[in-house]
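Asks: I'd like to go over a predicted model; first the sequence, then the structure.
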Amino acid sequence: MNHLKKLGLMALALTAVMAVAGVASASASQFTASSTGIGITGGQTTEHVFSVEGSEVTCETAEFTGETESTASANQKAHPAYSGCTAFGFAAAEVDTTGCDYNFDANGSAALEGCTNGYITINVESIFNTRCHVKVHDGEANSAINGISYTDNGGTVTVTAAANNISAEIVTSTGFCPLTVGTSNTAKYSGSTLVTPASGSIGWDA
C-alpha cells in the first residue's frame, strides 16, 4: 500500500512539473526591438472592422503609435486613432480613443488601458433623431481581448486581429440606429496592421 501511495505522489509531482513547464512554454513569446525608445507606427493593411449585433464600424484610416519600452518584452503598447469612419450604416461617425492604449500581449491577446473616459466611444448622429452611442470596453467581464496574432517580417511586425469577445455597451439607440440598448459581450474586431519602427528593427519571437 505504501508503494502505491509513493507512486501516486510521484505521479502528482510529475504532473505539477509538467504543468509548470507548460505555463513557462506558453509564456515564452516576446516582442523584441533593437533599442528602447524607438518610435513605432502602424497602418492597416486590411480593413479594420468592428462589429456589434451584426452592424459594422469601418474607418478609412486606422493608425497606431507608440514606442519600444524594452529590447525584449512580453507586452507592447500602442495608441489607436480612427478617422473617416462609417458606423452602423451612417457616415461621419466619431470614434473617440482619447488616452487609450492597446496593451498587446505577445502570446495572443490585448487589453484596453488608460482611456480618459474609461472606454472607446462610438457616436453617430443623423437625420430623423437617429443616434447611436456605444462604449467599447475590454473583453467580456474585463478579460483580455482575444484572437490577436503576430507575424515577424524581419524588422517589422504584422498584427492581425480576429477578436470575438469584446464588451460593447450600447447606451443610446434612437431613430434608425439598428442597435438594441444593452450590453453585448460578443462584439468582434478584425483587421491587419503593419507595424514599423522609426529606426532600427522590431520583431516578435514565438
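Replies: Yep, that arrived. Remember, predicted model here, so these are calculated numbers, not experimental data.
Asks: Point to the residue nearest the middle of the chain.
Replies: Central residue of the chain (Cα atoms, centre = their mean): A110, 4.0 Å from the mean position.
Asks: Work out for me the element it sits within.
Replies: A110 is part of strand 109-113, with elements assigned from DSSP states H and E.
Asks: continuing past that strand, what's the next helix or strand?
Replies: Using DSSP H and E, the next helix or strand after strand 109-113 towards the C-terminus is strand 120-126.
Asks: counting contacts, what elements does that following strand pack onto?
Replies: If you count contacts as 3 or more Cβ pairs under 8 Å, 6 or more residues apart in numbering; DSSP states H and E, strand 120-126 packs onto strand 75-87, strand 90-96, strand 130-139. Placement of C-beta: from N, CA and C, glycine included.
Asks: mind redoing it with 7 Å?
Replies: Under the contact definition 3 or more Cβ pairs under 7 Å, 6 or more residues apart in numbering; DSSP states H and E, strand 120-126 sits against strand 90-96, strand 130-139.
Asks: Could I get the contacting residues of the residue nearest to A87 when sequence neighbours are not counted?
Replies: Distances taken as Cβ to Cβ, 6 or more residues apart in numbering place A93 nearest to A87, at 3.4 Å, with adjacent residues excluded. By Cβ atoms under 7 Å, 6 or more residues apart in numbering, A93 lies in contact with 57, 85-87, 122-124.
Asks: just these now: which is nearest S190?
Replies: Comparing the contacts of A93 against S190 with Cβ to Cβ places V57 closest, at 11.4 Å.
Asks: roughly how far apart are the closest one and G37?
Replies: 33 Å (Cβ to Cβ, to the nearest Å).
Asks: Number of residues surrounding E113?
Replies: E113 has 12 neighbouring residues, counting by other Cβ atoms under 10 Å.
Asks: Surely it touches N103?
Replies: Yes: if you go by Cβ atoms under 7 Å, E113 and N103 touch, sitting 5.1 Å apart.
Asks: need the longest strand for the chain.
Replies: strand 157-174 (DSSP state E).
Asks: Would you mind identifying the next helix or strand past that one?
Replies: Next in line after strand 157-174, if elements are assigned by DSSP H and E, sits strand 182-197.
Asks: So V57 and G37 - more neighbours on which side?
Replies: For V57 and G37, the more surrounded residue by other Cβ under 10 Å is V57, and the numbers stand at 24 against 10.
Asks: Check which helix or strand the more buried one maps to.
Replies: Secondary structure from DSSP H and E places V57 in strand 55-67.
Asks: Tell me which residues of that strand come out buried.
Replies: Within strand 55-67, the residues that qualify as buried are 55, 57-59, 62-64, 66, counting by 16 or more other Cβ atoms under 10 Å.
Asks: out of those residues, which one sits closest to I166?
Replies: Distances from I166 to these, taken by Cβ to Cβ, are shortest for V57, at 11.5 Å.
Asks: The closest one reaches N123, doesn't it?
Replies: No: V57 lies out of contact with N123 (Cβ under 7 Å); the separation is 10.9 Å.
Asks: Contacts for the strand holding V57 next, please.
Replies: By Cβ under 7 Å, 6+ apart, the list of residues contacting strand 55-67 from outside reads 37-44, 47-50, 76-89, 93, 95, 122, 178-179, 191, 193, 195.
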